[in-house]
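S.K.: sequence unknown, structure follows:
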DNA sequence: TGATCGGCTATGTCGGACATAGGATCGGAT
DNA sequence: ATCCGATCCTATGTCCGACATAGCCGATCA
């Protein structure tokens, strides 16, 4: 048992935390269980108690553990985990792939959020933002043309992720930008798992292009729809398509208070 | 200088991190600056290096600091801070009150998000969720009637925050629930700063009631509108009303793919 | 003048020790 | 016999002192 964490080489801090996180995400220690005590972890990883404590503190900060004085370190319930911590998000993408519930809920979140963020981007993207978006898009194109050789180690998927990140950044809102950092690992995971046939890729590229174009032309409604269309393709590729129509994206209320769409700048 | 952090009493771990965070948020140490080295902090707080290192590690996990071996601990740029970490969110609410940009952007985020979450809640709230929402609502009422004496130390504001939290929980989505934890301190801050005149409170209560009723009756559209109306009042009280019409909430696309509203369960 | 070498600073890691919190156990009193 | 309290035990929290290491700066030398 516990084959995942048995490395003896000196790996300093973060790698120990990673190993423990992997074990937790793999279900080796379930919520309510206690992870091994500090001294055992010292022996297992061949490091001192300071280092182990440092790693454990990382997991506490991530909300994965509670440390009870005199008792041990207990795995917390799933709801308590800080899923919005980029570290946790990264672990989830790497280790929790088979967990369908989490994948579904994150995708549902993206379906709600990304069209709205695209709308914001259409309203307030600067030239610099457009450049970042277009660079990512061109990178995706180039990576497709020189299919086998990854352009300088940067693959099509990397550009795809960068494309989505650039749109979040273009929203010019601190909170949404943070959320893109959190979503990044999840997006990366979905991108690399979605299908890669030629037809699908062409379709996907066209959908991405429409998002970019709508943002450039300051067309919030079209940007929102186009972003949803991108997710629709991804969802179809991964069997999550049922989340698309039922969980709509963020809305423009049609109440009377709505002033005419302001053409800023 | 640095009058904020000069307490000598034994305060163990978290309070030292809090004191440092307060100093950073107060601008005592700006991005790029170095905070005092470990040994100085030991002397200042009267604790050992282990304790200081523990506190510093908390700030690193929050994204406020980078620790460079042999050089010191440097304050990171604002964009790097993990604003979605509940701890950071709490510090922000407590210490960064005068920062109008952050307040505005967080409120803009709420305006986008809360109506959509209310919609989700209307679609999938269970009886238990309704109970939680209604309990918070009744608590607000009781706290108003016995105005001066806080009911068992729980004030009207606390119930208000709990009301919003319960709605997030009723969305039954891990990510949205997390976001409520993050928003909680910000909500608490806004709630306690908004006006408390009798007329305004009555108006506010009526708006809250409409949200609750719409969720109970499974009316997503009404729930969304009602949630926006609650925020509209808050925004008006705090001079953020201009964010309401311009930054609409998450949308139901009116594309053909929308199936008929599903009456779940 | 410029590149390499050495020293300096502050963090990273180590090992051992004691204090403390929380649970379990065992005992006494009703 | 049951209930309650004092005691022991375990594992974490804190402390101390020491050395290793990373990164910067200045001095030295070609």
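M.R.: That came through, no problem. In this text the structure is predicted, and so the values were computed from the model without any measurement.
S.K.: Quick one: low-confidence residue ranges for the stretch 1-150 of chain A.
M.R.: In the predicted model, the stretch 1-150 of chain A carries pLDDT under 70 at residues A:1-13, A:97-98, A:147-150.
S.K.: Where do the strands of it begin and end?
M.R.: A:34-35, A:65-68, A:72-75 (DSSP state E, counting those that start in this stretch).
S.K.: of all those strands, which lies closest to residue A:82?
M.R.: Proximity to residue A:82 (CB to CB) singles out strand A:65-68 among the strands of the stretch 1-150 of chain A, at 11.3 Å. Just so you know, the C-beta spots here come from the backbone N, C-alpha and C atoms, and that holds for glycine as well.
S.K.: quick one: is the closest one near DNA strand D?
M.R.: Yes - Strand A:65-68 lies within reach of DNA strand D by CB under 7 Å from any atom of the strand, at A:67, A:68.
S.K.: Off-centre distance for stretch A:74-86?
M.R.: Between the centre of stretch A:74-86 and the centre of its chain there are 15 Å (CA atoms, centre = their mean, to the nearest Å).
S.K.: Nearest the geometric middle of chain A, what residue?
M.R.: Nearest to the mean C-alpha position of chain A, by CA atoms, centre = their mean, lies residue A:183 at 2.4 Å.
S.K.: Next up, phi/psi of that one, please.
M.R.: Residue A:183 adopts backbone torsions of phi -70, psi -20, taken as degrees, to the nearest 10.
S.K.: Mind checking the strands of the stretch 1-150 of chain A for the one nearest to residue B:179?
M.R.: The nearest among the strands of the stretch 1-150 of chain A, by CB to CB, is strand A:65-68 at 21.7 Å.
S.K.: Does the closest one reach DNA strand C?
M.R.: Yes - Strand A:65-68 is in contact with DNA strand C by CB under 7 Å from any atom of the strand, via residue A:68.
S.K.: Is any residue of that strand near chain B?
M.R.: No - using CB under 8 Å from any CB of the partner chain, strand A:65-68 stays clear of chain B, coming no nearer than 11.0 Å.
S.K.: what are the pairing partners of that strand, and which direction each?
M.R.: Applying DSSP bridges to the sheet, strand A:65-68 is found paired with strand A:72-75 (antiparallel).
S.K.: Other residues contacting the strand it pairs with?
M.R.: Contact partners of strand A:72-75, identified using CB atoms under 8 Å, 6 or more residues apart in numbering or on different chains, comprise A:24, A:29-35, A:37, A:56, A:59-60, A:64-68.
S.K.: so the residue nearest to the centre of chain A makes contact with residue A:90?
M.R.: No - counting by CB atoms under 8 Å, residue A:183 stays clear of residue A:90, with 11.2 Å between them.
S.K.: returning to what we had before: which non-adjacent residue is nearest the residue nearest to the centre of chain A?
M.R.: Using CB to CB, 6 or more residues apart in numbering or on different chains and skipping the chain neighbours, the partner closest in space to residue A:183 is residue A:110 (6.6 Å).
S.K.: just to revisit the earlier point, distance to residue B:218 and mean neighbour count added to the strands of the stretch 1-150 of chain A, as a markdown table?
M.R.: Output for these, formatted as a markdown table (distance: least, CB to CB, whole Å; neighbours: other CB atoms under 10 Å in any protein chain shown):
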| stretch | distance to residue B:218 | mean neighbour count |
| --- | --- | --- |
| strand A:34-35 | 42 | 18 |
| strand A:65-68 | 37 | 16 |
| strand A:72-75 | 36 | 18 |
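S.K.: Contacts only, for the residue nearest to residue A:183.
M.R.: Residue A:110 neighbours (CB under 8 Å, 6+ apart): A:183, A:186, A:187, A:231.
S.K.: Closest residue of the stretch 1-150 of chain A to DNA strand C?
M.R.: residue A:70 (2.4 Å; CB to the nearest atom of the strand).
S.K.: ah, wrong one, I meant the stretch 151-265 of chain A
M.R.: residue A:181 (21.8 Å).
S.K.: Show the pLDDT at the residue nearest to the centre of chain A.
M.R.: For residue A:183, the pLDDT comes out at 86.
S.K.: Residue A:93 versus that one, what's the distance?
M.R.: Here residue A:183 is placed at a distance of 10 Å from residue A:93 (CB to CB, to the nearest Å).
S.K.: can you point me to the longest helix in chain A?
M.R.: helix A:100-124 (DSSP state H).
S.K.: Give me the angle between that helix and helix B:100-124.
M.R.: With axes from the mean of the first three to the mean of the last three CA atoms, to 10 degrees defining the directions, helix A:100-124 sits at 130 degrees from helix B:100-124.
S.K.: Return the set of buried residues in helix A:100-124.
M.R.: Buried residues in helix A:100-124, counted by 16 or more other CB atoms under 10 Å in any protein chain shown: A:102-124.
S.K.: can you give me the helices in the stretch 101-250 of chain A?
M.R.: A:127-145, A:156-170, A:174-193, A:198-216, A:220-238, A:243-246 (DSSP state H, counting those that start in this stretch).
S.K.: measure stretch A:192-206 end to end?
M.R.: 18 Å (CA to CA, to the nearest Å).
S.K.: Pull out the buried positions in stretch A:92-101.
M.R.: Neighbour-count burial for stretch A:92-101, with 16+ other CB under 10 Å as criterion, is recorded at A:92, A:93, A:95, A:96.
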